[in-house]
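K.L.:
give me a model of this one.
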Amino acid sequence: MDKTNQEIMDELILAGALQVAGVDTETGDFLYQFTPKLKEISPVLYDEHVNHVNGELMRLWEKGLLDINIADQNPIVRLTEKAFDDSILSTLSKEDRWGIEEIKRLLKSKEL
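P.N.:
Here you go, the predicted model:
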């Protein structure tokens, strides 16, 4: 019998590889984030997650919201002026808006 998504999430939470990151203000649902422990708990899921995040970053870069030197071994991600323009942000999908807000949050936490 295959495990349900909820069972998998519960196992990842108990293993310390997944944690609550916040609450979706529109739906009230929990938002989750993987922890660095995911790499040792589930290397396949970790690789899938890294590929997904890289795809999101590339999409935001293509829209001119991020500045990334993709040729660098360890590229630095910077927000462009467009990432702060409400008229541009309002045209983005919910996923892209959430991605930009998450990048802002992560960059701000590194400044502190």
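
K.L.:
against which helices or strands is the helix-or-strand element of the chain with minimal mean pLDDT packed?
P.N.:
Across the helices and strands of the chain, the lowest-confidence element by mean pLDDT, DSSP states H and E is helix 94-111, at a mean of 86. Counting contacts by 3 or more CB pairs under 8 Å, 6 or more residues apart in numbering; DSSP states H and E, helix 94-111 is packed against helix 43-62, strand 77-79. Where you see a C-beta, it was placed from the backbone N, CA and C, and this is true even at glycine.

K.L.:
can you name the next helix or strand after the shortest one?
P.N.:
I take that to be strand 77-79. Following strand 77-79 in sequence order, the next helix or strand is helix 86-89 (DSSP states H and E).

K.L.:
give me the buried positions along that following helix.
P.N.:
Ile88 (16 or more other CB atoms under 10 Å).

K.L.:
same question for that helix, mean pLDDT?
P.N.:
Mean pLDDT, computed over helix 86-89, is 96.

K.L.:
which among the helices and strands packed on helix 94-111 is found nearest to Asp86?
P.N.:
strand 77-79 (13.9 Å; CB to CB).

K.L.:
surely Leu60 and Glu102 touch.
P.N.:
No. Using CB atoms under 8 Å, Leu60 is not in contact with Glu102; the gap is 10.6 Å.

K.L.:
looking at these two, which is more packed in?
P.N.:
Leu60 (22 against 16; other CB atoms under 10 Å).
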